[in-house]
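1. Need coordinates for the following:
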Amino acid sequence: MKLTFDANLIANYNSASQKIRVLSEDWVLKEIYCPNCGESLFEYQNNKPVADFYCRKCTEDFELKSKQAKFGKKVSAGAYSKMIERINSAEKPNFFFMNYLLELLNVNDFFVVPKHFFVSEIIEKRKPLTENAKRAGWVGSNILFSKIPKAGQIFYIENGKELAKKDVLEKWQKTVFLKKIKKTDTKGWILDIMNCIDSLNKKEFTLQDVYAFEHDLSVIYPENKNIKPKIRQQLQFLRDKGYLEFIGNGKYSLT
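-> Model prediction:
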């Protein structure tokens, strides 16, 4: 995979934003494959409002967000009302995120977040713009990466290093079971347990390790008075879907 942009494309552009749009979109079309089926991507020609790219084989849609600085815990995502509308829409796209090095005209990080990880809880509402702003009263939003499990951030390129296509495709397939979960509260529980497991930062863990998050989960779900049984239920679900392996004596392992 070539990590550098084609500088010849921007000879007639003066705007920095236009330059990076042209460079990044051209690069995605040339270098990136669909994480679901591995086929080439194509660009929507008519500025489709819900996506930038699509796969002809499996019909997955993708929107690209590019940033010069490293992605931190959050990234700007446009108008809050529109973002929430998209999150709840059947047409919501998957999201590509690109971190580029402008001085070198190349890609440093590139990853995809599958749409089945997008729930309203990961969208943060920003404060309205002040009266002196051009768009006074406008309310923006942020995507909170801190609330997206590691399994939902699938890297093609990380710190300038390409990851194997086989690994990218396998990581995508590992969580496709989330697509079938329609109830927001049910999916929210599953994602929260996945985040708890991520916080442990170890491949093998015990039921007691996850029980340690009982208080945190009770704050998120104050009406639920049976947090521990709910934790066990979600762990069993993740085991049944192949995300976890139960290795006995209250111990689990990430697959």
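
2. Name the SS class of residue 134, please.
-> Secondary structure state of residue 134, per DSSP: H, G, I helix; E, B strand; the rest coil, is coil.

3. so what's residue 96 bridging to?
-> Judged by DSSP bridges, the bridge partners of residue 96 are residue 64, residue 112.

4. Could you measure from it over to residue 65?
-> 7 Å (Cβ to Cβ, to the nearest Å). To be clear about C-beta, it is placed using only N, CA and C from the backbone, and glycine gets the same treatment.

5. more crowded one of the two?
-> Between residue 96 and residue 65, residue 96 has the larger neighbour count (other Cβ atoms under 10 Å), namely 22 against 17.

6. so the more buried one touches residue 32, yeah?
-> Yes - in this structure, residue 96 is within contact of residue 32 by Cβ atoms under 8 Å, at 7.3 Å.

7. what sits in contact with each of the two?
-> Shared contacts of residue 96 and residue 32 (Cβ atoms under 8 Å, 6 or more residues apart in numbering): residue 110.

8. Could you list the low-confidence segments of the protein?
-> Across the chain, the ranges flagged by pLDDT under 70 are 47-50.

9. Which residue ranges make up each domain of it?
-> 1-179, 181-255 (automatic domain parsing).

10. Quick check: end-to-end length of the longest one?
-> The distance separating the two terminal residues of domain 1-179, taken as Cα to Cα, to the nearest Å, comes to 29 Å.

11. quick check, distance from it to the centre of its chain.
-> Centre-to-centre, domain 1-179 and its host chain are 8 Å apart (Cα atoms, centre = their mean, to the nearest Å).

12. Likewise for the shortest one?
-> With Cα atoms, centre = their mean as the basis, domain 181-255 stands 20 Å off its chain's centre.

13. Any idea how far apart the tips of it sit?
-> End-to-end distance for domain 181-255, by Cα to Cα: 21 Å.

14. begin at 11 from here
-> Taking 11 as the first residue, the last one we looked at is domain 191-265.

15. Okay, buried residues for the strand or helix carrying residue 180 please.
-> Using DSSP states H and E, residue 180 sits in helix 175-184. Burial within helix 175-184, assessed by neighbour count using 16 or more other Cβ atoms under 10 Å, is assigned to 178, 179, 181, 182, 184.

16. list the helices and strands the next helix or strand after it packs on?
-> Sequence-wise, the next helix or strand downstream of helix 175-184 (DSSP H and E) is helix 194-210. With contacts defined as 3 or more Cβ pairs under 8 Å, 6 or more residues apart in numbering; DSSP states H and E, the secondary structure elements packing on helix 194-210 are helix 217-221, helix 224-230, helix 237-250.

17. which helices and strands does the first one pack with?
-> I take that to be helix 217-221. When contacts are defined as 3+ Cβ pairs under 8 Å, 6+ apart, helix 217-221 packs onto helix 194-210, helix 237-250.

18. Dump these into JSON lines; add mean neighbour count and distance to residue 89 as well.
-> Output for the helices and strands packed on helix 217-221, formatted as JSON lines (neighbours: other Cβ atoms under 10 Å; distance: least, Cβ to Cβ, whole Å):
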{"stretch": "helix 194-210", "mean neighbour count": "18", "distance to residue 89": "21"}
{"stretch": "helix 237-250", "mean neighbour count": "16", "distance to residue 89": "33"}
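
19. Cool, thanks, talk later.
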